[in-house]
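Enquirer: Okay, here's the prediction I keep looking at, along with the sequence it came from:
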Amino acid sequence: MRRTLGYSHGAWRAFGWVFGPRMRLGIHALRMTGLPRHVPVHMPLLLVSNHVSWWDGFLLRPLQVALRPGDELRVVMLEQELVRRPFLRLLGGVGITPGSPASLRSFLRELRARRASDPSLTVLFFPQGRIWPSHRRPLGFLEGIRAVGRALAPATILPVGLHLEPGRHPAPTAYLSVGEPSPVGAAGPDPGLLEAQVQAQLDRTRAFLATHGEDAETLWPEPFEALPSIPLPMETSA
């Protein structure tokens, strides 16, 4: 459990004081929608999202706070990033080294041990393995998400589409759309199905932005409302 001993709820408060102003220079605002009104509290919550920026773990933190504020949060990230920025361990960062079976085994043991000690746990995982633009197709979810789900099962999984969009402000607005929760059993989640669920949320976000343009930020639904399913406007040729 070496990597999780440093976790601290107080570290998140300190982050807000110290890094909050810097984050606001990089991200104008966060708009969330599609949050489920009820999620089980007696098992882990696995948040799975596409990966568009260095800020993504911090952008999904408000989602965890809205749904399960008492949970400890674990954010899966590259070990080399934790070496460069050790304070991220205090915020729940858990490192893995791509291509290292030993690193993966250690990481999964840690998840299983943490789940056994207290199932009130939220884990944030980016199955793409690296940063890509939200319009990339296919998103390219890797098989590792299946092993993560098995380590946490039984659990609840939430697919999350995350998109950054420049608008009327110098910094982009982060749009976060959540799909339906589903149970994770002993076999773990299907990466292809999960990728399709996240992509569906991104496509809905894209259609909403294409329809409303610069007004999208003010028209974006409330957190516990669903993002409407609307077709993309037809492109016209000159």
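Expert: Yep, it's here. Numbers count the residues shown, from 1 in each chain.

Enquirer: The lengthiest strand in the chain pairs with which strands, parallel or anti?
Expert: In the chain, with assignment by DSSP state E, the single longest strand is strand 155-165. Looking at strand 155-165 with DSSP bridges, its partner strands are strand 45-49 (parallel), strand 173-178 (antiparallel), strand 182-184 (antiparallel).

Enquirer: The helix or strand following the shortest one packs against which elements?
Expert: Sequence-wise, the next helix or strand downstream of strand 182-184 (DSSP states H and E) is helix 191-212. Helices and strands in packing contact with helix 191-212 are listed as strand 45-49, helix 144-152, strand 155-165, strand 173-178, helix 216-219; criterion 3 or more Cβ pairs under 8 Å, 6 or more residues apart in numbering; DSSP states H and E. Any C-beta I mention is one placed from the backbone N, CA and C, and that applies to glycine too.

Enquirer: Show me how far stretch 146-154 is from its chain's centre.
Expert: Averaging C-alpha positions (Cα atoms, centre = their mean, to the nearest Å) puts stretch 146-154 16 Å from its chain's average.

Enquirer: Now tell me which helix or strand of the chain has the poorest mean pLDDT.
Expert: helix 9-26 (a mean of 59; mean pLDDT, DSSP states H and E).

Enquirer: Toward the C-terminus, what is the element adjacent to it?
Expert: Helices and strands here follow DSSP H and E; after helix 9-26, the next one along the chain is strand 29-33.

Enquirer: what angle do that next one and strand 173-178 make?
Expert: Inter-element angle recorded for strand 29-33 and strand 173-178: 20 degrees (by axes from the mean of the first three to the mean of the last three Cα atoms, to 10 degrees).

Enquirer: Please list the outside residues in contact with strand 29-33.
Expert: Strand 29-33 is contacted from outside by 59, 62-63, 66, 169, 173-178, 217, 220-223, 225-227, using Cβ atoms under 8 Å, 6 or more residues apart in numbering.

Enquirer: Quick one: work out the angle between it and helix 191-212.
Expert: Using the same axes, to 10 degrees: strand 29-33 against helix 191-212 is 110 degrees.

Enquirer: In strand 29-33, which residues are buried?
Expert: For strand 29-33, a neighbour-count test (16 or more other Cβ atoms under 10 Å) marks 30, 31, 32, 33 as buried.

Enquirer: for stretch 93-100, same thing?
Expert: Quick answer for stretch 93-100 (16+ other Cβ under 10 Å): 93, 94, 95, 96.

Enquirer: Please report phi then psi for the third one.
Expert: In other words, residue 95. Backbone geometry at residue 95, expressed as degrees, to the nearest 10, gives phi -100, psi 150.

Enquirer: What's the local residue count around the residue nearest to it when sequence neighbours are not counted?
Expert: With sequence-adjacent residues excluded and distances taken as Cβ to Cβ, 6 or more residues apart in numbering, residue 95 is closest to residue 79, at 3.3 Å. Counted by other Cβ atoms under 10 Å, the residues lying close to residue 79 total 18.

Enquirer: Contact partners for the most centrally placed residue in the chain?
Expert: Most central in the chain under Cα atoms, centre = their mean is residue 49, positioned 4.2 Å from the mean C-alpha point. Residue 49 sits next to 56, 60, 124, 125, 126, 159, 160, 161, 162, 198 when contact means Cβ under 8 Å, 6+ apart.

Enquirer: Mind doing that once more with 7 Å?
Expert: 56, 60, 126, 160, 162, 198 (Cβ atoms under 7 Å, 6 or more residues apart in numbering).
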